[in-house]
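J.: model the following, please.
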Amino acid sequence: MVKSFTDDLLVPFAKYLENYGTWDISSQGASILIPHSHFHFDKILFLPKRLYYSADKTWNFIASVPIISKNQFKQNDIKLYQNLKCIEAEVKKLGVLKKKFRFQEHSISLKLQEEIPSFETRSFLTEILNEDRDLMQLMNNISPENLQIQLYSPRIQTSSIKEYINQFKIYYQNPEEIIWNIAIEKYLDSIISKKKYTLVLDSIIQALDLCAIHVIRGTNIIKSRM
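T.: All right, here's what the predicted structure looks like:
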């Protein structure tokens, strides 16, 4: 097991997840899991997120699904990127006592739709995801704090949504690659039962892989229609 430069992987799930792959370190010094070959993503990045009201933290499990690399990206792939950007998705929690989960169009996409004339959100991916009963059962197992499916774009450092959109417009017109990022955020420290803990971890990996299968399928369908 490789130790991260940032968090030293001081988390109980580090050893368990070796069942799914091998640990490595990203170029930025973060912990990544390189999965066994039968998975549909090429790595999982692990990022802690401090809770503002305590010293506890949630963990983001971010699976990367490369579609077109920088070396292979061509001018006519710009339109594909722009079409795929319109189908980004996130999970919405429904209910109070008994939570249910449903995929919807990403909130950022709805903002982009207001600012970019050619941009129009589509429910194409969310419909595929919501129809997958196995995936929805995994959502119930995990009960994630958040789940987002977005295309990679360079990080924009701003707390202003308007400034974010203004800066993103530049990359939207001239993207360099197509990579899907699937991020599941989960607070694990409150899980006392070992059986429940491993169930949640297994469900996270399975959900990431199912989402990866769906974004690959969705990408191929949209590409075939262009």
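J.: what's the longest strand in this protein?
T.: Here the longest strand in the chain is taken by residue count, with DSSP state E as the criterion, and it is strand 57-68.
J.: next secondary structure after that strand?
T.: helix 77-85 (DSSP states H and E).
J.: angle of that following helix against strand 57-68?
T.: Put simply, helix 77-85 runs at 140 degrees to strand 57-68, going by axes from the mean of the first three to the mean of the last three Cα atoms, to 10 degrees.
J.: now for the longest helix belonging to the chain, which elements pack on it?
T.: In the chain, ranked by residue count with DSSP state H as the criterion, the top helix is helix 194-225. Applying 3 or more Cβ pairs under 8 Å, 6 or more residues apart in numbering; DSSP states H and E, one finds that helix 194-225 makes contact with helix 13-16, strand 57-68, helix 77-85, helix 124-130, helix 133-142, strand 146-151, strand 178-186. Just so you know, the C-beta spots here come from the backbone N, C-alpha and C atoms, and that holds for glycine as well.
J.: in the longest one, what's buried?
T.: In this case it means strand 57-68. If you call a residue buried by 16 or more other Cβ atoms under 10 Å, then strand 57-68 has these buried ones: 57-65, 67-68.
J.: what is the least confident helix or strand in this protein?
T.: The helix or strand of the chain with the lowest confidence, counting by mean pLDDT, DSSP states H and E, is helix 13-16 at a mean of 85.
J.: next one: the closest residue to S143 other than its chain neighbours from H38, what distance?
T.: On the basis of Cβ to Cβ, 6 or more residues apart in numbering, the spatially nearest residue to S143 that is not a chain neighbour turns out to be K99, at 6.1 Å. Taking Cβ to Cβ, to the nearest Å as the criterion, K99 is separated from H38 by 31 Å.
J.: so which of those two has more stuff around it?
T.: A direct count of neighbours by other Cβ atoms under 10 Å for K99 and H38 places K99 higher, at 12 against 6.
J.: centre-most residue in this structure?
T.: When Cα atoms, centre = their mean is applied to the chain, the residue found nearest the centroid is I182 (1.6 Å).
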